[in-house]
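*Asks:* Attaching a predicted model along with its sequence, questions to come.
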Amino acid sequence: MTTGPRIHIQMRPQAGLLERIVFSIIALLLVVAAFFFIGIAIIAGLALAAVLAARWWWLGRKLRKAQQAEQADVVEGEYRVVGAEVIEAAVIEQPPQRRE
């Protein structure tokens with residue numbers, strides 16, 4: 001009988017107390033640093049959103065003012081024709097237009 005190839009797995013010995021403490025401190029520092037970076041990213045995102053919202057509001061305000069100014073030029077009212085006179089106008093011939 002022949003036996004197949006054998007796989008030899010070499011297990012690492014259990015980590016010592018000093019190694020566990022060092023890796024725990026490094027992991028804790030990485031978690032704290034990650035929270036700081038996430039906090040900074042959230043603050044930057046909120047600042048960008050606030051700037052965009054202010055810009056949107058400013059443009060909307062500008063458009064509303066323009067629309068109100070446009071409507072202010074219009075005078076609405078009623079009229080009635082009192083005397084209907086027909087005015088004949090002379091036809092003025094326009095010069096021929098140049099083709100470019």
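*Replies:* Great, that's in hand.
*Asks:* Just the pLDDT at Met1, thanks.
*Replies:* Met1 is assigned 59 on the pLDDT scale.
*Asks:* And Val74, by the same measure?
*Replies:* At Val74, pLDDT is 65.
*Asks:* same deal with the one 5 residues further on?
*Replies:* In the predicted model, Tyr79 carries a pLDDT score of 79.
*Asks:* what about Arg64, how many residues close to it?
*Replies:* 10 (other CB atoms under 10 Å). Where you see a C-beta, it was placed from the backbone N, CA and C, and this is true even at glycine.
*Asks:* how near is it to Trp58?
*Replies:* 11 Å (CB to CB, to the nearest Å).
*Asks:* again, but for Gly16
*Replies:* Gly16 is 63 Å from Trp58, by CB to CB.
*Asks:* what do you get for Leu46?
*Replies:* Separation of Leu46 from Trp58 (CB to CB): 18 Å.
*Asks:* what about Pro5, neighbour count?
*Replies:* With other CB under 10 Å as criterion, Pro5 counts 5.
*Asks:* Next, the contact list for it, please.
*Replies:* Listed by CB atoms under 8 Å, 6 or more residues apart in numbering, Pro5 has no contact partners.
*Asks:* for it, helix, strand, or coil?
*Replies:* Judged by DSSP: H, G, I helix; E, B strand; the rest coil, the three-state class of Pro5 is coil.
*Asks:* how far away is it from Met11?
*Replies:* Plainly put, Pro5 is 19 Å away from Met11 if you go by CB to CB.
*Asks:* try Ala41
*Replies:* Distance, Ala41 to Met11, by CB to CB: 41 Å.
*Asks:* try Val82
*Replies:* Counting by CB to CB, the gap from Val82 to Met11 is 112 Å.
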